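K.L.:
Everything below, folded, please.
(2 chains)
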Amino acid sequence: MIKIENLEKVYKTEEIETTALNGINMHVKTGEFVSIMGPSGCGKSTLLNVMGLLDKPESGSYKFLETELLTMNDKQRSNFRKQNMGFVFQNFNLIDELTVFENIELPLIYNKVPATERKRLVNEIIERMNIVNRSGHFPQQLSGGQQQRVAVARALVTKPKLVLADEPTGNLDSSHGNEVMELLCELNEQGTTIVMVTHSSHDASFSNRIINLKDGHVISEKINKSRTEELI
Amino acid sequence: MFKLNFKIALRNIWKNKTSSLINISGLAIGLAACLLLLLYVAYEWNFDGQTFDPSNTYKVLINNVDANKKITNTWQASTNAIAPLFKSEYPEVNAAARIDGAGMKLIANGRKSLKRTACFADPDILNIFDYNFTAGDAKSAMVAPNSIIITESTAKDLFGTTDVLNRSVHFDDKIDLKITGVIKDLPKNTSVFFDFLMPWSLDEALTPWIKTPSWGNFNYNTVVRMNPGTDPEKFNLGIKGFMHRHNQYADGQLMIFPLNKLHLYDTFLNGASIGGKIEQLRLFMGLAIGILLIACINFMNMATAKSEKRAKEVGIKKTIGATRSSLISQFLMESLVLTLLSAVLAIVLIELCIPVFNNLLDTSLKINYSNIAIWLSLFVVVLLTGLISGSYPAFYLSSFNPVQILRKRTFRSGLISINLRQVLVVGQFCFAIILIISTIVIYKQIQFIKNRPIGYDINTLVQMPQEGELYGKFDLLKERLLRSGAVTSLYQSSGTIANHTSSFSGMEWKGSTEADKSIDFSQIAATYDFIQTTGLKLIAGRDFSKNFASDSAALLLNATAVKLMNLADPIGQPVMYHGNKFTVVGVFQDFIQDAPGSKESPLVVAFTKGWGGVVTMRLNTANTVAENLATIEKVVKDINPAYPVELTFVDQLYAAKLKAQRVLAILSNLFGGLAIFISCLGLFGLAAYNAEQRTKEIGVRKILGASVSSLMQLLSFSFLKMVGFAIIISVPIATYLMNNWLKGFDFHTNVSWIIILGTALGTLAIALLTVSFQAYKAANANPVDALKYE
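P.N.:
Next up is the predicted model:
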């Protein structure tokens, strides 16, 4: 599904240049659940941002289902993103002024889905995420785990081909964290491709494959046998 | 999407109550000030717009010329000969009317009598002005000579009803007139104002000499309606020599000028308009826009200061798929919603302020809610305000890069945005400081000219109009008043001493040249006891006196006149005054008769028995004022029972001279105060956000041992720096502007450094007070709470 070749990304701040990605090569198959791990500053978040078309690398190639994405202009990128990708963040990033229902509905609005259809889709996912009785609440009224479930719901409501998760359990205690991980696994089993950045090897153990980064390089790749067998 | 954006807007307004309150109240005050001034501007703009064909309605003006045919001045008055000849000689003149504004006259229904503004005019006036008849009609209302058109409120006051067609009223204690028309009250913004209108033929019948066409008595106004398509320039060329063609001694040059422009462009030089009240109007428009901009700046500053909070929303939305334009429209929507709320509040404010404003400015402003134009302009102002105040935040906030925002937990707004915010605050305070310095200088100037010695004893001097029996029985009146003990001295004259009422030229004296004949002299026609009653200081000679029979041809001069005439020994000098030989019997010191800020013009006080108009009396200080007034009223009523007794204090008339300056002072005071208030509101908001943003820093500093005062310094200094900048920029501008303004007065004060220092310190103090409230709160907070804040 994803094929990345020789990706390079350099951050420039006044006098210092930091190489965040230094010739990354990797691929993700359709239906896979890939974890990206590595120490702080190894470039894993940058890589996720590039994959999510939020950031532009200096050079390299990024193909998504045989389509080259890096040559697109901003508008095309934005369009591609909202049609194909969903995001889950460490700090949930829900909009405080909107209710749970409205937060989940937002990407559908940007995708110009008609109102009745939106309602149906949102209600469906709210049911699936087990947050029906919360749909009228504002994010601040929910626990961290519930907020992250709303965030996952929002990421999934457009039925994206790829879900990008940036330390989805980082702000949660272990029981809530496990809940979210189980939710992601379940989604993956239903066919959604997931790429997740994480610090936690416990979380990574839920995925099919673990890619280790250091100083902008891929230093190792490990296949999680217990999960991979199901995939093949 | 619209619905969702609207919801976010409302929820944001509700959630950030402090900043919403600052924004809404600031914008509401700004909008109210702006709309009020715009109402005033519209009022002035529509002056004399109540005609059938405004673009073809003109007033006949006259350019006076000197011996070399050079135009010396332009009068708005004309003679009674012009209108009829215009109509017969020029086919392009559709209608022409002479108008004789007769002043306040008596009108009575049986025993009920009132004094109201009267006017005589040719019936053609009804073809020029579009009066709103509620009874009778324009075709027949002025046909009969003894007819009268009255306004609804006059009808109500006289009869208690407006259903008064064909009823009879008694005019000026002289003649019965039949009401042939009732019209809606005239608005105040018309130069032809009256409460009742009578045909010219009645004027002629009551005062027969008016029948004679005159070329020298400029006592009337002439208004003409031209046929559509007439070129006024061409027409003016034709009528330039009109007066001279008809009368060889008349050398004034006629011209027509658009009636509805005359009010605003009434200053003429060389026969061409060079401005007038329009300049004041432009100033007010500038003020209106300035105040509104200050409020808009508040909005922008608050919005960008809040950007840290909004940035997250922008980042999320962009990640999910929002385009920049959808975000821009969302933020604009927010500012529009806020502006709309402010507009509602503004209308409430205006309704509360309008009576006071009308009172101050002597206008009749009101919001006419059924007028679509008002709603349309309100809509435009709200839309523009919303767009202006929302534009910068919208473009700024929507430009955020989602990765930057979402990755870093603490988002710092860029250097440029901070600078722009500072620039805006500096701009706000510049405007406010300029207004404050202007206000103080204007007040100082008013005080300065108020304190100029008037030249006569203005206290205990009262005057009343000389009308009815008071002309013929003046000597009786004088004798009775003096005997009553209420009055110590009195005289009759052509006009009040408080104001310039009449001018003439053509005076001749020993050694005068041909050119001296064009010098304009002010004149007062008076009789005995002029000097004694007013308390003017004689420099030489004496007052008019009954002991000298020759005083029937005597006159007094002021010092300026003597200087101008270059008379070494004025007493006893013969002069030619209006073609008659008079003798100078006294010279008195200059006194203020014109504008208190300008030099005195030469004044001639000539003994003239037949030319009365005003009786001026010196009250007896042995009695209380109330007693004196009661006695005078009784005596006068006895002699002149048909007229109400109207006593006016001369010092009140004098005070009215400063009205224009006072209006300016009130307005600049009001708007200067508002500007400072709104600016401080903005400063308050910014300080609050600044303190909030730096909560953690303050906590850390406090734990490390910083004192409250050092923290307050830290938090306040950057704001005071901005105000200091504003002072440095605005002081030279204000000094320059006010020095220019002061140049318009012959006698003027100066822009002193005390004013500047006072304003600077005052503004700094207000700003410090505003900011330090927030700073104190932040500096005194528990540091542990501050650290938990993250």
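K.L.:
use CA for all of it now, contacts and neighbours both
P.N.:
Will do.
K.L.:
Alongside chain A, which residues does the stretch 1-150 of chain B contribute?
P.N.:
Counting by Cα under 8 Å from any Cα of the partner chain, the positions of the stretch 1-150 of chain B adjacent to chain A are B:Met1, B:Ile8, B:Arg11, B:Asn12.
K.L.:
Secondary structure and neighbour count for the residues you listed - can I get that in a markdown table?
P.N.:
Supplementary listing: the residues of the stretch 1-150 of chain B next to chain A in a markdown table, determined by DSSP: H, G, I helix; E, B strand; the rest coil; neighbours: other Cα atoms under 10 Å in any protein chain shown:
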| residue | secondary structure | neighbour count |
| --- | --- | --- |
| B:Met1 | coil | 12 |
| B:Ile8 | helix | 20 |
| B:Arg11 | helix | 14 |
| B:Asn12 | helix | 17 |
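K.L.:
which residues does the residue of chain A found nearest chain B contact?
P.N.:
Closest approach between chain A and chain B, counting by Cα to the nearest Cα: A:Lys82, at 4.8 Å. A:Lys82 sits next to A:Pro107, A:Tyr110, A:Asn111, B:Thr319, B:Ile320, B:Gly321 when contact means Cα atoms under 8 Å, 6 or more residues apart in numbering or on different chains.
K.L.:
my read: B:Pro84 touches B:Ala96, true?
P.N.:
Yes: the criterion here is Cα atoms under 8 Å, and B:Pro84 meets it with B:Ala96 at 7.2 Å.
K.L.:
Between the two, which has more neighbouring residues?
P.N.:
Of the pair B:Pro84 and B:Ala96, B:Ala96 is the one with more neighbours under other Cα atoms under 10 Å in any protein chain shown, namely 28 against 15.
K.L.:
Return the residues in contact with that one.
P.N.:
Contacts of B:Ala96 by Cα under 8 Å, 6+ apart are B:Ala83, B:Pro84, B:Phe86, B:Lys87, B:Asp122, B:Asp124, B:Ile125, B:Ile128, B:Thr222, B:Val223, B:Val224, B:Arg225.
K.L.:
If the last one is in a bridge, with which residues?
P.N.:
Going back to what we said before, that points to B:Arg225. B:Thr57, B:Ala95 (DSSP bridges).
K.L.:
Quick check, pLDDT for it.
P.N.:
B:Arg225 is assigned 95 on the pLDDT scale.
K.L.:
Buried residues, stretch B:423-433. List them.
P.N.:
By 16 or more other Cα atoms under 10 Å in any protein chain shown, the buried positions in stretch B:423-433 come out as B:Leu424, B:Val425, B:Val426, B:Gly427, B:Gln428, B:Phe429, B:Cys430, B:Phe431, B:Ala432, B:Ile433.
K.L.:
starting at the chain centroid, how far to that stretch?
P.N.:
Centre-to-centre, stretch B:423-433 and its host chain are 27 Å apart (Cα atoms, centre = their mean, to the nearest Å).
K.L.:
what residues does that stretch touch?
P.N.:
B:290, B:294, B:297, B:301, B:672-673, B:675-676, B:679, B:683, B:722-723, B:725-727, B:729-731, B:759-760, B:763.
K.L.:
elements contacting the helix ranked longest in chain A?
P.N.:
Once chain A is assigned using DSSP state H, the helix that runs over the most residues is helix A:174-189. For helix A:174-189, the elements it packs on are helix A:144-156, judged by 3 or more Cα pairs under 8 Å, 6 or more residues apart in numbering or on different chains; DSSP states H and E.
K.L.:
one step back: kindly reformat the contacts of B:Ala96 as CSV containing distance to B:Ile524 and secondary structure.
P.N.:
Shown next, in CSV, are those (distance: Cα to Cα, whole Å; DSSP: H, G, I helix; E, B strand; the rest coil):
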residue, distance to B:Ile524, secondary structure
B:Ala83, 30, helix
B:Pro84, 32, helix
B:Phe86, 34, helix
B:Lys87, 36, helix
B:Asp122, 31, coil
B:Asp124, 35, coil
B:Ile125, 33, helix
B:Ile128, 36, helix
B:Thr222, 26, strand
B:Val223, 29, strand
B:Val224, 33, strand
B:Arg225, 36, strand
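K.L.:
Tell me the buried residues within these.
P.N.:
B:Ala83, B:Phe86, B:Lys87, B:Asp122, B:Asp124, B:Ile125, B:Ile128, B:Thr222, B:Val223, B:Val224, B:Arg225.
K.L.:
quick check, nearest of those residues to chain A?
P.N.:
Nearest to chain A among these, with distances taken as Cα to the nearest Cα, is B:Ile128, at 61.6 Å.
K.L.:
Next one: that closest one from B:Ala144, what distance?
P.N.:
19 Å (Cα to Cα, to the nearest Å).
K.L.:
Quick one: name the residues of chain A near chain B.
P.N.:
A:49, A:54-55, A:75, A:78-79, A:81-82, A:86-87, A:93-95, A:97-98, A:106-107, A:109-111.
K.L.:
next helix or strand past the helix or strand where B:Ile256 lies?
P.N.:
For B:Ile256, the host element (DSSP states H and E) is strand B:253-258. Counting by DSSP H and E, the next helix or strand C-terminal to strand B:253-258 is helix B:259-262.
K.L.:
contact partners of that next one?
P.N.:
By Cα under 8 Å, 6+ apart, helix B:259-262 touches B:Asn46, B:Phe47, B:Asp48, B:Gly49, B:Pro54, B:Thr57, B:Tyr58, B:Lys59, B:Val223.
K.L.:
which among these gets closest to B:Leu349?
P.N.:
B:Asn46 (23.9 Å; Cα to Cα).
K.L.:
can you tell me which helix in chain B is longest?
P.N.:
helix B:324-361.
K.L.:
Tell me the buried residues in that helix?
P.N.:
Buried residues in helix B:324-361 (16+ other Cα under 10 Å): B:324, B:326-343, B:345-347, B:349-350, B:354, B:357, B:361.
K.L.:
Please pull up the helix or strand immediately following it.
P.N.:
From helix B:324-361 onward toward the C-terminus, using DSSP H and E, the following helix or strand is helix B:372-398.
K.L.:
which helices and strands does that next one pack with?
P.N.:
Applying 3+ Cα pairs under 8 Å, 6+ apart, we find helix B:372-398 packed against helix B:277-305, helix B:307-320, helix B:324-361.
K.L.:
Quick one: the helices in the stretch 51-200 of chain B, in order.
P.N.:
B:82-89, B:125-128, B:152-159, B:200-206 (DSSP state H, counting those that start in this stretch).
K.L.:
my bad, the stretch 651-790 of chain B
P.N.:
B:659-693, B:695-703, B:708-742, B:753-780, B:783-788.
K.L.:
looking at those, which is buried most?
P.N.:
Highest mean neighbour count among the helices of the stretch 651-790 of chain B (mean count of other Cα atoms under 10 Å in any protein chain shown): helix B:659-693, with a mean of 21.
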